[in-house]
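Asker: Okay, sequence plus prediction incoming.
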Amino acid sequence: MRWPVWRIAVAERSMEPVLYPGDWLLAWRGLRRGRALRIRTGQLVIASHPARPELLLVKRAARPQPGGWWLESDNPGAGTVDSRSFGPVPISLIRGRVLLRYRRGPR
């Protein structure tokens, strides 16, 4: 059995001012592999990049699309990659739903 809560480090500025590099996230990835997560518009999610599945992205679920979600950055000026460049993300590539953010040490 895998642990349903997952810890992820934020490494880029695409979600500022909500998330900053150095922040840590706890994300819910579910109890059963292969079962779709419940996602609502506005939630932060962890997703695999559609063209590079090993690359994880933290994005906001902007709206549901047929077969997936439109994911957007809060800070598109940071030169970020989101659904504006690769389109809707299939639900199978959404790996987790962010539960909480915390910081390690001072900024």
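Answerer: Now that the structure is in, tell me what you want to look at.
Asker: Count residues in the vicinity of the closest residue to residue 29 other than its chain neighbours, would you?
Answerer: Closest residue to residue 29 apart from its sequence neighbours, by Cβ to Cβ, 6 or more residues apart in numbering: residue 96 at 4.1 Å. The way it works is simple: take the backbone N, C-alpha and C, and place the C-beta from them, glycine included. Residue 96 has 22 neighbours, counted by other Cβ atoms under 10 Å.
Asker: Please report the distance of residue 96 from residue 37.
Answerer: According to Cβ to Cβ, to the nearest Å, residue 96 stands 7 Å off from residue 37.
Asker: Between those two, which contacts overlap?
Answerer: 28, 29, 30, 45 (Cβ atoms under 8 Å, 6 or more residues apart in numbering).
Asker: Help me confirm that the first one comes into contact with residue 39.
Answerer: So that's residue 28. No. Counting by Cβ atoms under 8 Å, residue 39 is not a contact partner of residue 28; they are 10.5 Å apart.
Asker: If anything else comes up later, I'll come back, but that's it for now.
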